[in-house]
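J.: make a model of this:
(one chain, ligands or ions: 3)
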Amino acid sequence: MNYSNLSLHTDKYQINMMYAHWVQGSLNKKAVFEAYFRKLPFGNGYAVFAGLERIVHYIQHLKFDDEVIDYLRQQEEAYQEGFLEELRNFRFTGCIRAVPEGTLVFPNVPIIRVEARIFEAQLIETAILNFMNYQTLIATKASRIKQVAPHDMLLEFGTRRAQEADAAVWGARAAYIAGFHATSNLRAGLLFGIPTKGTHAHAWIQAHDTEEEAFAKFAEALPDQVSLLVDTYDTLKSGVPNAIKTAKLLEAKGKKLQSIRLDSGDLALISKEARAMLDSAGFPYVKIIASNDLDENLIMNLKAQGARIDVWGVGTQLITAADQPSLGGIYKLVAKENKDGDYQPVIKISGNPEKVSNPGVKETYRLLNRQSGRAEADYIALGSEEEAREGAPLLLFDPATPYRSKTLHDYDSVRLLHDIYVNGELVYELPAVEAIRAYHESQLTLFRPEIRRMLNPEEYRITLSRKAWDLKMELIHEYHP
Ligand SMILES: Nc1ncnc2c1ncn2[C@@H]1O[C@H](COP(=O)(O)OP(=O)(O)OP(=O)(O)O)[C@@H](O)[C@H]1O
Ligand SMILES: O=P(O)(O)OC[C@H]1O[C@H](OP(=O)(O)OP(=O)(O)O)[C@H](O)[C@@H]1O
Ligand SMILES: O=C(O)c1cccnc1
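T.: Ligands and ions are numbered 1, 2, ... in the order given. You can find the predicted model right below:
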């Protein structure tokens with residue numbers, strides 16, 4: 001079996017809809033879908049978009065091979081051979097626009113737009129959401145951790161607790177984009193060129209007669225990168241004193257002990273005492289790593305307690321986004337091709353106002369205040385509108401709170417969506433992960449600290465243009481006269 005073929009990495013209902021479009025002859029009708037999420041995760045003030053590289057890789061390799069076709073034939077007797085033949089010839093021929101990875105993104109702002117034959121656009125919904133939702137979630141969680149320890153080294157240790165192998169490597173990459181410095185996962189290092197780091201486990205100590213011997217042997221084996229786990233028996237009575245002995249052995253050879261790792265107990269108290277012991281033994285350069293179910297709240301708390309920790313190893317809480325294990329990103333049809341070949345806007349109505357979709361093919365602009373250089377708002381306009389593109393005065397119109405409406409005069413507007421595929425052709429050069437990480441860091445500076453803060457952040461302004469709002473109201477009234 002070919003484990004790497006992702007053509008059926010989709011929900012069965014997509015293939016059923018594709019089949020029904022094929023049966024009724026509407027498969028080639030064009031459609032526009034937009035992907036976005038409605039609510040920020042973790043109560044954060046922003047999310048960090050990630051997942052595009054994986055999406056591109058998926059689209060590039062989309063192929064219904066013989067094995068897949070045979071499986072579908074067995075699965076569903078109703079599927080006619082002509083449909084299966086259509087799938088056999090499947091390739092993506094549409095257009096995809098997306099925000100670059102590392103961009104800060106906000107609720108209800110389209111972050112991916114797919115314009116394609118409905119047959120194609122429908123198939124890829126599930127995979128696009130799967131990649132975007134997970135990676136954006138982990139990048140956002142990692143960004144929160146980075147916020148509380150902006151000057152410390154952050155190591156991603158989550159693979160053993162991740163929801164399987166793909167989550168481990170793509171999660172490691174998402175964490176790196178958001179400012180982590182390295183991962184323990186070597187495959188992530190190989191695949192994405194991100195730095196890797198590692199200490200050793202308790203098993204190394206347990207495999208020797210004494211802790212002292214274990215440390216010395218480890219230092220002998222890897223003298224240039226010795227990091228010792230000091231809590232196997234007793235951190236302060238045995239682990240740290242033995243680490244100091246090893247540090248002396250290393251110095252005698254002209255080498256340096258890099259760090260010790262604390263993995264249990266009161267990390268604030270123990271780190272302070274370990275720091276004092278290392279300093280008074282003449283090893284101020286030895287860093288202290290901490291691990292043990294850490295997250296942004298614990299790290300912030302440990303810092304408030306004066307913990308002397310230089311490096312944070314973060315696993316389970318990050319890679320599983322433990323406090324919110326899913327981002328609710330969605331993919332909604334916003335326009336369909338009508339009989340004349342024009343796009344007709346469509347809406348999804350819900351009893352819950354937050355769930356009513358924004359109809360029409362739209363363009364999103366990030367408006368940067370020319371005086372401060374800071375982002376003021378994201379402005380969602382219909383594709384046909386010119387104002388934001390041309391820098392004309394813009395009404396930031398808030399129907400729920402009209403007193404918040406204001407007109408923006410002196411601004412630069414940046415189009416958020418970039419061409420990724422044009423008529424089936426990949427036109428976007430995927431940036432190296434280092435460049436994405438640097439881009440993300442620069443993007444953060446565009447936002448005021450009140451929006452970036454971890455707790456009760458200020459809400460960033462998202463505005464529909466007057467025309468986009470009027471279109472929404474028009475369609476609502478059509479269905480609810
Ligand atoms: N000073 C501290 N303040 C708040 N939380 C702490 C502090 N020190 C450690 N913690 C956190 O408390 C939780 C439990 O720590 P504890 O020392 O009980 O570890 P443990 O996992 O039970 O130890 P072991 O690994 O030996 O079983 C961990 O998430 C740890 O990171
Ligand atoms: O705690 P996390 O943030 O997930 O970080 C990774 C954990 O993985 C290792 O533990 P190990 O697998 O030996 O199990 P443990 O949880 O019992 O320490 C390591 O010592 C960390 O404690
Ligand atoms: O290198 C480490 O210390 C490490 C790696 C994975 C999980 N826990 C710790």
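J.: where does residue 116 fall, secondary structure wise?
T.: strand 112-117 (DSSP states H and E).
J.: may I have the next helix or strand after that strand as CSV, with CA atoms only?
T.: Note on strand 112-117: by DSSP H and E, the next helix or strand toward the C-terminus is helix 118-123. Provided in CSV are the C-alpha atoms of helix 118-123 (Å, rounded to 0.1, in the frame of the first residue of the first chain):
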residue,chain,number,x,y,z
ILE,A,118,-16.2,22.9,-8.2
PHE,A,119,-15.0,19.3,-8.8
GLU,A,120,-11.5,20.2,-7.7
ALA,A,121,-12.3,22.9,-5.1
GLN,A,122,-14.6,20.5,-3.2
LEU,A,123,-12.0,17.6,-3.1
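J.: look at the residue lying closest to residue 366 once chain neighbours are set aside and say how many residues are nearby.
T.: Computed as C-beta to C-beta, 6 or more residues apart in numbering, the closest residue to residue 366 that is not its neighbour in sequence is residue 414, at 4.6 Å. Where C-beta positions appear, they are placed from N, C-alpha and C, glycine not excepted. Residues within reach of residue 414, counting by other C-beta atoms under 10 Å, total 15.
J.: now the residue lying closest to residue 463 once chain neighbours are set aside: how far from ligand 1?
T.: Setting aside the residues directly before and after it, residue 463 is nearest to residue 396 in space (C-beta to C-beta, 6+ apart), at 4.6 Å. As for residue 396, its distance to ligand 1 is 43 Å (criterion: C-beta to the nearest ligand atom, to the nearest Å).
J.: again with residue 187
T.: Counting by C-beta to the nearest ligand atom, the separation of residue 187 from ligand 1 is 26 Å.
J.: just checking, that residue is part of a helix?
T.: Yes - judged by DSSP: H, G, I helix; E, B strand; the rest coil, residue 187 forms part of a helix.
J.: and it, how far is that from ligand 3?
T.: Separation of residue 187 from ligand 3 (C-beta to the nearest ligand atom) stands at 13 Å.
J.: before we move on, what SS does the residue nearest to that residue when sequence neighbours are not counted have?
T.: Spatial nearest neighbour of residue 187, excluding adjacent residues (C-beta to C-beta, 6+ apart): residue 169 at 5.5 Å. Classification of residue 169 using three-state DSSP returns helix.
J.: so residue 169 makes contact with residue 184?
T.: No - applying C-beta atoms under 8 Å as the test, residue 169 and residue 184 come out as separate, 11.4 Å apart.
J.: which of the three states applies to residue 203?
T.: helix.
J.: tell me where the stretch 351-481 of the chain has helices.
T.: 387-390, 433-444, 449-452, 466-479 (DSSP state H, counting those that start in this stretch).
J.: for the ones you listed, give me TSV that also has distance to ligand 1, mean pLDDT and mean neighbour count.
T.: As requested, those are arranged in TSV below (distance: least, C-beta to the nearest ligand atom, whole Å; pLDDT from 0 to 100; neighbours: other C-beta atoms under 10 Å):
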stretch	distance to ligand 1	mean pLDDT	mean neighbour count
helix 387-390	47	84	15
helix 433-444	27	98	17
helix 449-452	25	98	16
helix 466-479	46	94	14
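J.: what's the helix or strand for residue 179?
T.: Using DSSP H and E, no helix or strand contains residue 179.
J.: quick one: neighbours of the spatially closest residue to it that is not a sequence neighbour, just the number.
T.: Using C-beta to C-beta, 6+ apart and skipping the chain neighbours, the partner closest in space to residue 179 is residue 146 (3.7 Å). Residue 146 has 21 neighbouring residues, counting by other C-beta under 10 Å.
J.: my read is that residue 146 contacts residue 181, right?
T.: No - the pair residue 146 and residue 181 fails to qualify as a contact (C-beta under 8 Å) at a distance of 9.8 Å.
J.: joint contacts of these two?
T.: Listed as contacting both residue 146 and residue 181 by C-beta atoms under 8 Å, 6 or more residues apart in numbering are residue 154.
J.: send the alpha carbons of the least confident helix or strand in the chain by mean pLDDT over as PDB?
T.: One helix or strand of the chain scores below all others by mean pLDDT, DSSP states H and E: helix 387-390, with a mean of 84. C-alpha atoms of helix 387-390 as PDB (Å, rounded to 0.1, in the frame of the first residue of the first chain):
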ATOM      1  CA  GLU A 387     -10.600  52.300  -2.700                       C
ATOM      2  CA  ALA A 388      -8.200  50.400  -0.500                       C
ATOM      3  CA  ARG A 389      -5.900  49.600  -3.300                       C
ATOM      4  CA  GLU A 390      -5.600  53.200  -4.300                       C
END
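J.: for the nearest residue to residue 197 once chain neighbours are set aside, give its distance to ligand 2.
T.: Nearest residue to residue 197, sequence neighbours excluded (C-beta to C-beta, 6+ apart): residue 182, at 4.1 Å. Distance of residue 182 to ligand 2, given as C-beta to the nearest ligand atom: 14 Å.
J.: partners of residue 182 in the sheet?
T.: Beta bridges link residue 182 to residue 155, judged by DSSP bridges.
J.: and the helix or strand hosting residue 297, average pLDDT?
T.: Assigned by DSSP H and E, residue 297 falls within helix 296-304. For helix 296-304, mean pLDDT rounds to 98.
J.: residues contacting residue 86?
T.: 22, 27, 119.
J.: now do the same for it: helix, strand or coil?
T.: Strictly by three-state DSSP, residue 86 counts as helix.
J.: contacting residues for the residue nearest the centre of the chain?
T.: Most central in the chain under C-alpha atoms, centre = their mean is residue 136, positioned 2.2 Å from the mean C-alpha point. Residue 136 makes contact with 37, 47, 48, 49, 50, 51, 105, 174, 327, 329 under the criterion C-beta under 8 Å, 6+ apart.
J.: let's see 6 Å
T.: 47, 49, 50, 327 (C-beta atoms under 6 Å, 6 or more residues apart in numbering).
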